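Colleague: Coordinates only, no sequence provided:
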């Protein structure tokens with residue numbers, strides 16, 4: 001069981017993320033629900049940093065910046081949808097249940113939303 005409210009930050013991302021799980025721990029042979037990808041892609045912007053984002057499984061370049069998204073409750077990097085769609089990474093069950101509850105439509109966060117209320121990776 002995953003008891004955090006952030007997901008998609010991997011220990012492969014560097015020393016700062018050494019307490020995070022490995023992306024390989026979340027790969028499954030189950031077909032990905034495309035509604036999950038749509039939900040992830042629909043997140044609201046939290047932050048971005050200009051760093052090349054490379055896939056830890058295929059080594060391909062995914063993006064030219066690390067973008068963090070949220071639904072107001074969970075937080076994830078934009079490249080999580082790449083891992084879900086291309087490598088069948090599964091999101092935590094609790095995250096999936098929230099997506100399902102929201103009809104797989106990611107709610108938009110208001111401009112006055114305080115990002116400091118989000119749980120960040122340790």
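Modeller: Yep, that arrived. None of these values were measured; they are calculated from a predicted model.
Colleague: quick one: the helices in this structure?
Modeller: Remark: helices assigned in the chain by DSSP state H are 34-41, 80-87, 93-101.
Colleague: Mean pLDDT for these - can I get that in a markdown table?
Modeller: As requested, the helices of the chain are exported to a markdown table (pLDDT from 0 to 100):
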| stretch | mean pLDDT |
| --- | --- |
| helix 34-41 | 97 |
| helix 80-87 | 96 |
| helix 93-101 | 95 |
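Colleague: List the contacts of the most centrally placed residue in the chain.
Modeller: Centroid-nearest residue in the chain: residue 76, 3.1 Å away (criterion: C-alpha atoms, centre = their mean). Applying C-beta atoms under 8 Å, 6 or more residues apart in numbering to residue 76 gives the contacts 6-9, 40, 43, 68-70. Just so you know, the C-beta spots here come from the backbone N, C-alpha and C atoms, and that holds for glycine as well.
Colleague: Compile those into JSON lines and extend it with columns for distance to residue 24.
Modeller: JSON lines is the format used below for the contacts of residue 76 (distance: C-beta to C-beta, whole Å):
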{"residue": "6", "distance to residue 24": "18"}
{"residue": "7", "distance to residue 24": "15"}
{"residue": "8", "distance to residue 24": "13"}
{"residue": "9", "distance to residue 24": "14"}
{"residue": "40", "distance to residue 24": "19"}
{"residue": "43", "distance to residue 24": "24"}
{"residue": "68", "distance to residue 24": "22"}
{"residue": "69", "distance to residue 24": "23"}
{"residue": "70", "distance to residue 24": "25"}
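Colleague: number of nearby residues for residue 61?
Modeller: Using other C-beta atoms under 10 Å, residue 61 is surrounded by 10 other residues.
Colleague: That one and residue 74: what is the separation?
Modeller: According to C-beta to C-beta, to the nearest Å, residue 61 and residue 74 sit 26 Å apart.
Colleague: gap between the two ends of stretch 23-35?
Modeller: 21 Å (C-alpha to C-alpha, to the nearest Å).
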